[in-house]
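[1] build me a structure from this.
(one chain, ligands or ions: 1)
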Amino acid sequence: MKIYFIGAGPGDTELITVKGKKMLEKADIVIYAGSLVNPEILKYAKKAANVFDSASMSLDEIIKIMKDGSKNGKIIVRLHTGDTSLYSAIAEQMAELKREGIGFEIIPGVSSASAAAAALNIEFTLPEITQTVIYTRIAGRTDVPEAEKLSSLASHNATMVIFLSVQKIKEVVDELQKGYSPDTAAAVVYKASWKEERIIKGLLNNIADKVKDEKINKTALIIVGKVLDADILKIAKRSKLYDKGFEHGYRKAVIEK
Ligand code: SAH
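    Numbering: from 1, shown residues only. As a prediction, this is how the structure comes out:
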């Protein structure tokens with residue numbers, strides 16, 4: 001049997017996809033990343049399912065459960081927080097499964113980045129402001145390539161979403177101010193979509209102190225960029241998509257006389 005890697009979503013148990021939930025309901029074995037996945041989501045699993053929290057397990061232990069389960073014809077679900085494509089460490093698991101000749105399928109999820117944008121009531125890309133979003137992190141136990149230093153990414157002045165870094169927020173904002181102006185809007189969203197969600201808003205030059213005062217040092221995203229405080233009522237140029245004069249595959253242009 002193949003292994004299903006599923007994005008569990010950011011926390012709210014309704015933010016898993018229909019497809020992900022259906023698979024979770026069928027699973028005989030569930031391995032979930034207990035450090036970040038909201039355990040409430042396990043309510044969708046069968047009572048008889050064998051549930052493992054991977055937080056205290058090594059890669060070898062995880063793979064062994066997958067291998068044994070798959071050999072015995074069990075449906076195995078591996079739940080990761082948010083979306084599977086971002087900082088999920090699924091690649092190393094897929095590599096082991098490939099080596100073992102075990103098939104797998106990925107069912108994506110709603111990233112915490114999307115949940116944070118929703119909590120902030122913002123769109124990451126706005127006409128005339130920025131059309132680019134950078135997802136990144138500061139180096140921790142995992143290195144970040146030299147060419148992706150925060151200070152050089154900052155030079156683009158795009159929207160930036162910074163994962164896994166709130167514990168080093170002072171260092172983050174110091175680096176970012178080498179590219180963004182110090183009065184650029186910044187926000188930290190703690191536990192986006194959870195009951196405990198908190199939002200801290202500020203500027204690059206004062207957000208670090210605010211976050212320290214709130215004692216937030218994990219499960220949070222740092223978001224930076226002009227889209228945070230853009231006055232959407234004043235954006236002169238609307239997106240082309242809904243512009244009356246703009247024709248595309250689904251709609252003819254209206255020619256104003
Ligand atoms: N794959 C996940 C990210 C995993 S890395 C995703 O798509 O969201 C773990 C980091 O994600 C955390 O350190 C934190 O920066 C962020 N994160 C995960 N869940 C979060 C949440 N509900 N609210 C805010 N940040 C979150």
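
[2] okay, stretch 113-125 in PDB with CA atoms only?
    Output of stretch 113-125 as PDB, limited to C-alpha atoms (Å, rounded to 0.1, in the frame of the first residue of the first chain):
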ATOM      1  CA  ALA A 113       1.300  31.600   5.200                       C
ATOM      2  CA  SER A 114      -2.200  31.600   3.600                       C
ATOM      3  CA  ALA A 115      -3.900  31.400   7.000                       C
ATOM      4  CA  ALA A 116      -1.800  34.400   8.200                       C
ATOM      5  CA  ALA A 117      -2.700  36.500   5.100                       C
ATOM      6  CA  ALA A 118      -6.400  35.600   5.800                       C
ATOM      7  CA  ALA A 119      -6.100  36.500   9.500                       C
ATOM      8  CA  LEU A 120      -4.500  39.900   8.500                       C
ATOM      9  CA  ASN A 121      -7.200  40.500   5.800                       C
ATOM     10  CA  ILE A 122      -4.500  41.100   3.200                       C
ATOM     11  CA  GLU A 123      -3.500  40.000  -0.300                       C
ATOM     12  CA  PHE A 124       0.200  39.300  -0.600                       C
ATOM     13  CA  THR A 125       0.300  40.700  -4.200                       C
END
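
[3] who does whichever residue of the chain sits closest to the ligand bridge with?
    Ranked by CB to the nearest ligand atom, the top residue of the chain for proximity to the ligand is residue 82, at 2.1 Å. (Glycine included, C-beta is placed from N, CA and C.) Per DSSP bridges, the residues bridged to residue 82 are residue 9.

[4] what ranges do the helices span in the protein?
    Counting by DSSP state H, the chain has these helices, from start to end: 18-26, 59-71, 90-100, 112-119, 150-154, 169-176, 207-213.

[5] now for the residue lying closest to residue 125 once chain neighbours are set aside, how many residues are close by?
    In space, residue 125 comes closest to residue 131 once its chain neighbours are excluded; the distance is 5.3 Å by CB to CB, 6 or more residues apart in numbering. Residues near residue 131, counting by other CB atoms under 10 Å, number 12.

[6] contact residues of the stretch 151-257 of the chain facing the ligand?
    Within the stretch 151-257 of the chain, the residues that sit near the ligand (CB under 6 Å from any ligand atom) are 163, 164, 189, 191, 192, 193, 194, 219, 220, 221.

[7] what's the ChimeraX syntax to select whichever of these are buried?
    Listed next is the ChimeraX selection for buried residues among those, using 16 or more other CB atoms under 10 Å:
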select :163,164,189,191,192,193,194,219,220,221
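
[8] quick one: which of the residues of the stretch 151-257 of the chain next to the ligand sit in strands?
    Mapping these onto strands (DSSP state E) picks out 163, 189, 220, 221.

[9] the residue nearest to residue 103 when sequence neighbours are not counted: neighbour count?
    Leaving aside its chain neighbours, residue 103 sits nearest to residue 2 (3.7 Å; criterion: CB to CB, 6+ apart). Per other CB under 10 Å, the neighbour tally for residue 2 reads 13.

[10] any figure for the gap between residue 2 and residue 98?
    12 Å (CB to CB, to the nearest Å).

[11] do residue 123 as well
    From residue 123 over to residue 98 (counting by CB to CB), the distance is 38 Å.

[12] and for residue 156?
    As judged by CB to CB, residue 156 and residue 98 stand 36 Å apart.

[13] again with residue 46
    From residue 46 to residue 98 the distance is 28 Å (CB to CB).

[14] between those two, who's got more neighbours?
    Neighbour totals were compared for residue 46 and residue 98, and residue 46 leads with 14 against 11 (other CB under 10 Å).

[15] hmm, stretch 8-17 in reach of the ligand?
    Yes. For stretch 8-17 and the ligand, the contact criterion (CB under 6 Å from any ligand atom) is met by 10, 11.

[16] for that stretch, measure first residue to last.
    8 Å (CA to CA, to the nearest Å).

[17] residues making contact with that stretch?
    The contact list for stretch 8-17, computed with CB atoms under 8 Å, 6 or more residues apart in numbering, reads 6-7, 20, 24, 32, 37-38, 40-41, 43-44, 79-82, 107-112, 114-116, 191-194, 197.
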